[in-house]
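Student: Sequence and predicted structure below; questions after.
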Amino acid sequence: MIDIRAFRHEPRPFLDGAKRKGAFQQALDLLNADEEWRAHVASVDDLRAQQKIDGKPTPEQLDRLQEIKRKLKSAESELADAAARRDELLQQVPNPPHESVPDEDDAIRHWGEPPQLEHPKDHLELGRFDMERAAKVSGARFGYMVGDTALLALALYRFALDRLVARGVTPVLPPVLVREEAMYGTGFFPSEKHDYYEIPADGLYLVGTSEVPLAGLHMGEILEELPLRYCAFSSCFRREAGAAGRDTRGMFRVHQFEKVEMFVWSPPDESWDEFERLLAIEEELVQELGLPYRVLNIGAGDLSASAAKRYDIEAWFPSQERYREITSCSNTTDFQARRLGTRFRRDGKPETPHTLNGTAATGRWALAILENFQGEVPEALRSYGAPATVTR
RNA sequence: GGAGGGGUGGCAGAGCGGUCGAAUGCGGCGGUCUCGAAAACCGUUACGGGCCUCUGGGUCCGUCGAGGGUUCAAAUCCCUCCCCCUCCGCCA
C-alpha cells in the first residue's frame, strides 16, 4: 500500500501515478475518506481521554462515565465504518510508476542473434515431455519431464543457484503452502485470488511464486541490517484461469513449474541500484547460457499495483518465431514492505525498506535452451549434471 | 491424531480488575572513572496513530499472540481463533 501520510501531505505525485495505472478516481476518493476518518479519530480519542479516571469513581462521576460510554459506543462504530472505507480504498491505490516508466512496453536492449533454422523443432519434439500421461494423472496443463530433459532442468536451477550464491545471495528452500496473510501481504490477494490454488481444509494456499514465502519471511519484523538478498528454489502453482486457448501446446504454460527467484530487502535510497543489479544478474545468466533475448521496460498500464518499475527479459523461441518472457524483475519500492509490516532500523528509528524481486531461472528456460540449440546443451550446464545433448 | 503446558518490551521473567506501557535481571546506547580498557556507578533504552510544531519536539489516543465480550475501568475475567513447547502415536 502507499504511504497515506505522504499522499496526504503531497497528493500530486500519487494522483498522477494512479492516473497512469488507471486508478485516478480511487485515489481521489481515498483522499476524502482519509479526511473523514481523521475527524472520527479525533472525536473518539477525545471521548476516551474523558473516560480516564484513577481509582474508584464517585456516584456522580459514575453517571458521567456511563454517559461517555454510551457516546463512545456510537462514535467507535462510526470510526470503524470510516476506517473500513478508507482501508478499502487504500488497497486500491497503486504504487506510482517511476518516472522512467514508459506508457507502452519499450524494448531497451537486444542481445544475441536468433538462430537461423530451416525447420526448428519445438520443445516437445526435442525433449522428453509426457503431456498425455500427465493429463491422465493430473489433468490438462501438467507435464512430466523425463530423463535427459529432467536433468537439463535440474542442472539449470543448480547453475542459477550457484551463480547467485557466488554473489553472496542466501539460498532458501521455502514452504510453498502458505496462509492467507502471506498472500495478502505480498499483494497477490485479494485481486488475483482466483489465480491460485486453495486448500480449504487447512486454510492454506499454494504459492504462485516463492516471492510469497520470501517476502513473508520478515513479515511484521523490524530488521537490523540491510540489504538482505535471498534466492529461493521452489515449485510454483498457478490456476491461470483466464489463459485458456493461449499457449496450450506443451510445457510453455502449465499449472506447476519450478523456479529460482531472487528477493531483496533494500534501504530506500539504494533500491534503484539494486534493481539494475537484479536485471544485470538475470542478463548474465541468460548470456552465459547463450540465449538470444531482449529486455523490456514494461509500460505503466501493464505494471501490477505494487510495481513501480519492471523489466522483463524475453528469450527468442524459434518455434514461435518471437520473443517470450523468461524473467520479470520488479522494484515494488515501499509498497509491499508497508503492507507486510516490515521495517528496518536506521539511526535508531524504524523506516520502511524497499523490496525487489526477479526471476533467476524457470522451467521455461529449459524450453528456450532446447529450442534455440535444438537439443545441444550449453557448456555452463554440463558441470551441473546435464548431458551434452538431450536425447528423448 | 491423542494428552498436557504456555504465548508480556531486543532477550529472560514478574504482574492476574483501577495507582501498569508494564517490576527485576541481562543485553544495547550515553556518561563518570582511566593513558586506554575492564569492573563499578549514574542515566537512558517498545511500536503505531491523530492533532500542534520554532522539525528539537510537544500533546492526546491505541497496543501485553489475534479478534470479540463483560465492566465506569481489562495484561489481568469470559468466548472464539492462531501460534509455540513437552510426552505418546504416525511419518521422510
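Tutor: Now that the structure is in, tell me what you want to look at. Residues are numbered from 1 along each chain as shown, chains lettered A, B, ... in the order given.

Student: Any idea what the spatially closest residue to residue A:211 that is not a sequence neighbour is bridged to?
Tutor: Sequence neighbours aside, residue A:357 is the residue nearest to residue A:211 in space, at 4.8 Å (criterion: C-beta to C-beta, 6 or more residues apart in numbering). Where C-beta positions appear, they are placed from N, C-alpha and C, glycine not excepted. When assigned by DSSP bridges, residue A:357 has beta-bridge partners residue A:263, residue A:330.

Student: Number of residues surrounding residue A:357?
Tutor: Residue A:357 has 26 neighbouring residues, counting by other C-beta atoms under 10 Å.

Student: just checking, what packs against the longest helix that chain A contains?
Tutor: The longest helix of chain A (DSSP state H) is helix A:59-92. Helix A:59-92 sits against helix A:24-51, with contacts defined as 3 or more C-beta pairs under 8 Å, 6 or more residues apart in numbering; DSSP states H and E.

Student: Just the buried residues of the helix it packs on, please?
Tutor: A:26-31, A:33-34, A:36-37, A:40, A:44, A:47 (16 or more other C-beta atoms under 10 Å).

Student: So which bits of the stretch 201-350 of chain A are right by RNA strand B?
Tutor: Selection of the stretch 201-350 of chain A residues close to RNA strand B by C-beta under 7 Å from any atom of the strand yields A:222, A:343, A:345, A:349-350.

Student: what's the closest of the buried residues of helix A:24-51 to residue A:125?
Tutor: residue A:26 (48.4 Å; C-beta to C-beta).

Student: Which stretches in the stretch 201-350 of chain A count as helices?
Tutor: Here the stretch 201-350 of chain A has its helices, by DSSP state H, counting those that start in this stretch, at A:211-216, A:271-289, A:335-340.

Student: Distance to residue A:86 added to those helices, as TSV?
Tutor: Listed next are these as TSV, based on distance: least, C-beta to C-beta, whole Å:
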stretch	distance to residue A:86
helix A:211-216	24
helix A:271-289	27
helix A:335-340	15
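
Student: Tell me, domain by domain, which residues of chain A belong where.
Tutor: Annotated domains of chain A cover A:4-92, A:106-382 [automatic domain parsing].

Student: Tell me which of these is the most buried.
Tutor: Highest mean neighbour count among the domains of chain A (mean count of other C-beta atoms under 10 Å): domain A:106-382, with a mean of 19.

Student: Can you name the residue of the stretch 101-250 of chain A nearest to RNA strand B?
Tutor: Here the residue of the stretch 101-250 of chain A nearest RNA strand B is residue A:222; by C-beta to the nearest atom of the strand that distance is 6.3 Å.

Student: Name the nearest residue to residue A:292, ignoring sequence neighbours.
Tutor: residue A:112 (3.3 Å).

Student: that older thread, let me know which of the helices of the stretch 201-350 of chain A is the nearest to residue A:194.
Tutor: Of those, nearest to residue A:194 by C-beta to C-beta is helix A:211-216, at 16.1 Å.

Student: that older thread, near RNA strand B, list only the ones from the buried residues of helix A:24-51.
Tutor: Counting by C-beta under 7 Å from any atom of the strand, the subset of the buried residues of helix A:24-51 that neighbours RNA strand B consists of residue A:44.

Student: List just the nearest of the buried residues of helix A:24-51 to residue A:284.
Tutor: Relative to residue A:284, and with distances defined as C-beta to C-beta, the nearest of the buried residues of helix A:24-51 is residue A:27, at 38.5 Å.

Student: The closest one is in contact with residue A:12, isn't it?
Tutor: No. Judged on C-beta atoms under 8 Å, residue A:27 makes no contact with residue A:12 at a distance of 10.6 Å.

Student: Show me what the closest residue to residue A:362 other than its chain neighbours is bridged to.
Tutor: Once flanking residues are discounted, residue A:362 sits nearest to residue A:259: 4.4 Å by C-beta to C-beta, 6+ apart. For residue A:259, the beta-bridge partners under DSSP bridges are residue A:234, residue A:362.

Student: Could I get the phi/psi values of the nearest residue to residue A:131 once chain neighbours are set aside?
Tutor: Once flanking residues are discounted, residue A:131 sits nearest to residue A:143: 5.2 Å by C-beta to C-beta, 6+ apart. Here is the backbone geometry of residue A:143 (degrees, to the nearest 10): phi -150, psi 150.

Student: Surely the residue nearest to residue A:292 and residue A:293 touch.
Tutor: Yes. Here residue A:112 reaches residue A:293: they are 6.4 Å apart, a contact under C-beta under 8 Å.

Student: Please consider this matter closed, and thank you.
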